[in-house]
Every structure is written in structure tokens, then in C-alpha cells.
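Peer 1: Compute the structure for the input listed below.
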Amino acid sequence: MEKIHYLGVDIGGTKVAFRVEADAECVDETVFPWAPRHSAARDLAQLGSFVGELRTRLGVSFRAVGVAVPATVGPAGRVTAWPSRPEWAGTDLAVALPALFPGAAVAWADDGDLGALAEARRSGCDDLLYLGVGTGVGGGLVLNGELCPGLGRGSFEIGHLVVEMSGPRCLCGRRGCLQAIASGPATLRRATRLRGRTVPFDDLRQAWCDGRPWAVSVIRRTCRALAVAAIGVQELVHPRLVLLGGGFASGIPGFVEAVSAYLAELARPGLLPLPVRPAASGGLSSLHGAVSLARLAAP
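Peer 2: All right, here's what the predicted structure looks like:
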């Protein structure tokens, strides 16, 4: 009996990740970097070319495809904003994405929401807050086992929650958004300003591990901002668990513990501190969620 193949695609600001599953097995997992920014049409052409190569290499067709999208998408399916790749504004995903995957059912959703969905299933927790810290800060909220606000009803944009009124300007135009303070690039920019020279991720990581004051200061501000955002969510809807993922957070030893310490410090009397754990999928939560979406979309 021929196996049914599902494809998950996680579109990021700097790279695109793919995961192919058949039955309960992973058949293939791969990543390609975006070419330099030019236009949405060129990005889509590059994406289509890679999908074609993937299909040929594996010798399979896909029953359904789930796509994790970091952009803000309006009710009509058009991209309204994507600060990392603003050229995509106005792109009609309802037209562009199905054209890349002929013969397959195609669905898409916010990458943070899909990350939360995947982590809720893996953790067995029906009430959790997921935070993905990478090129941006995404996240999702699962309550009673369901995404909040729910697929097709808008995304959970915790990256644009204002946590410092006089904080740095975000790409969205506001000041003090969580993403403008706690994303990987924002954290590295603070390190660069402090050091007076470009600080690569590996240098920041090593300096943090060595206890260098400048690195400790930089990363602690990131962790504090994440804790402030999580506390706000706790006060409103009371998740039972916070899971931290994303490439940046997963690459810094002790990151989860630092966020946990700030959450304990900020806890209001009478409320237990929110427990914090690393996401089971590390930086791949959204990708696993995209495969789950593909399975849901399959006819």
C-alpha cells in the first residue's frame, strides 16, 4: 500500500525549513536559506524550485501541505505586514501557496500558533503559553487544548505586546514591543552597541557562559522582557506552563532558567510562579506544527 506523505513548511525571515512525514515517520527534514531580499515573486519562485527538487529527490507526491507563516495575514488571505520581508505585503497566499503544491491540499497559519499547537501535543498540557525566540519573537496560546484565538480568527501576536513604553522602536513602528527587545537580532544589536563592534551569536553565547558582565546584562534584559510578557498573559488567562523555543533561545545555555528566575521575581502574592521549560522541539516547534496542520488539512 502506497504511503501518504505530508509536507510541513516553516517560512522564516532568513530560511525555510521542510519536514516530510509518512504515517508517523519523518521521511526528510531539510533547510534552505533565502536569497537576498528582492521581491515576493522571486522568493516564491525560489520556494517553488526547492519544492520541485524535494519532490523529485524523494520521488513522492504530497497529500497535504501545512505552511507556518511569520507574517500578519488578513481575513482575505493577503499578507498585510511582514517586517523581515516587507516585499511580501499584499501577497495573496490563497493564490500563491496552492500554486507551489499542485495536487495537494494546502493550509497555512501563524508560525507561533503552530508552534504552540505542536508543543501542547508533545507536552500533554492543554493550557500553555509558547514563546519562540529567533529572528523575531513569535508565540501561541493553547487553552483547553485549543488554539486561542483559533485558526482563522487572527494570530496570537505576543511579539508585538508592549513591554517597555520607552523601549527601542519595533519594525512595526511602535516602541517597546517584545520583539524589539527580546528577538535574536535585537539582543545582538544591544551587544554590538555595548562592545562598539559587531558581536556574532557565538561570541555572545561564549561571553554569557563565561559570565562576562556585558553579555549577562544583554541577555538578562531579553529574559526579563520575556518574563514581563508571560506575566501579563498569566494575569489574563492563567496558562499552567510556559515553553520556550526558537533557535536563539535554544542556543543559549541557562536561558530558560534565567526567564524562570524573573518570573519568580515578578509573581504576584497569592499566585504561583509560572513554570518554564524548554520546548520539546527546540527551534523546530513551528515546523512540527506545520506538519500537524497538513494532517488536519488532508482530504
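Peer 1: Can you show me the helices along the protein?
Peer 2: For the chain, the helices defined by DSSP state H occupy 40-58, 93-100, 111-123, 178-182, 184-195, 201-209, 213-237, 247-250, 255-266, 285-297.
Peer 1: Point out the other helices and strands that the fifth one packs with.
Peer 2: The criterion is 3 or more CB pairs under 8 Å, 6 or more residues apart in numbering; DSSP states H and E, and the helices and strands that helix 184-195 contacts are helix 201-209, helix 213-237, helix 247-250. Quick note: C-beta positions are derived from backbone N, CA and C, even for glycine.
Peer 1: redo that, cut-off 6 Å
Peer 2: Here helix 184-195 touches helix 213-237, going by 3 or more CB pairs under 6 Å, 6 or more residues apart in numbering; DSSP states H and E.
Peer 1: what packs against the helix it packs on?
Peer 2: Secondary elements touching helix 213-237 (3+ CB pairs under 6 Å, 6+ apart): helix 178-182, helix 184-195, helix 201-209, helix 255-266.
Peer 1: okay, now the nearest residue to residue 285 once chain neighbours are set aside: neighbour count?
Peer 2: Nearest non-adjacent residue to residue 285, counting by CB to CB, 6 or more residues apart in numbering: residue 115, 3.6 Å away. Per other CB atoms under 10 Å, the neighbour tally for residue 115 reads 31.
Peer 1: between the helices and strands packed on helix 213-237, which one is nearest to residue 37?
Peer 2: helix 184-195 (14.5 Å; CB to CB).
Peer 1: can you list contacts of the closest one?
Peer 2: 134, 180, 198, 199, 204, 214, 218, 222, 248 (CB atoms under 6 Å, 6 or more residues apart in numbering).
Peer 1: Repeat that for stretch 128-138.
Peer 2: 12-14, 111-112, 115-116, 119-120, 139-142, 159, 178-179, 182-184, 233, 239, 241-249.
Peer 1: C-alpha coordinates for it, PDB please?
Peer 2: Provided in PDB are the C-alpha atoms of stretch 128-138 (Å, rounded to 0.1, in the frame of the first residue of the first chain):
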ATOM      1  CA  LEU A 128       0.200  26.600  27.900                       C
ATOM      2  CA  LEU A 129       2.000  29.600  26.500                       C
ATOM      3  CA  TYR A 130       4.600  29.000  23.900                       C
ATOM      4  CA  LEU A 131       7.300  31.600  23.100                       C
ATOM      5  CA  GLY A 132       9.600  31.200  20.100                       C
ATOM      6  CA  VAL A 133      12.700  33.400  20.200                       C
ATOM      7  CA  GLY A 134      14.600  33.600  17.000                       C
ATOM      8  CA  THR A 135      14.800  36.100  14.100                       C
ATOM      9  CA  GLY A 136      11.600  37.600  15.700                       C
ATOM     10  CA  VAL A 137       9.600  36.700  18.800                       C
ATOM     11  CA  GLY A 138       6.500  34.600  18.000                       C
END
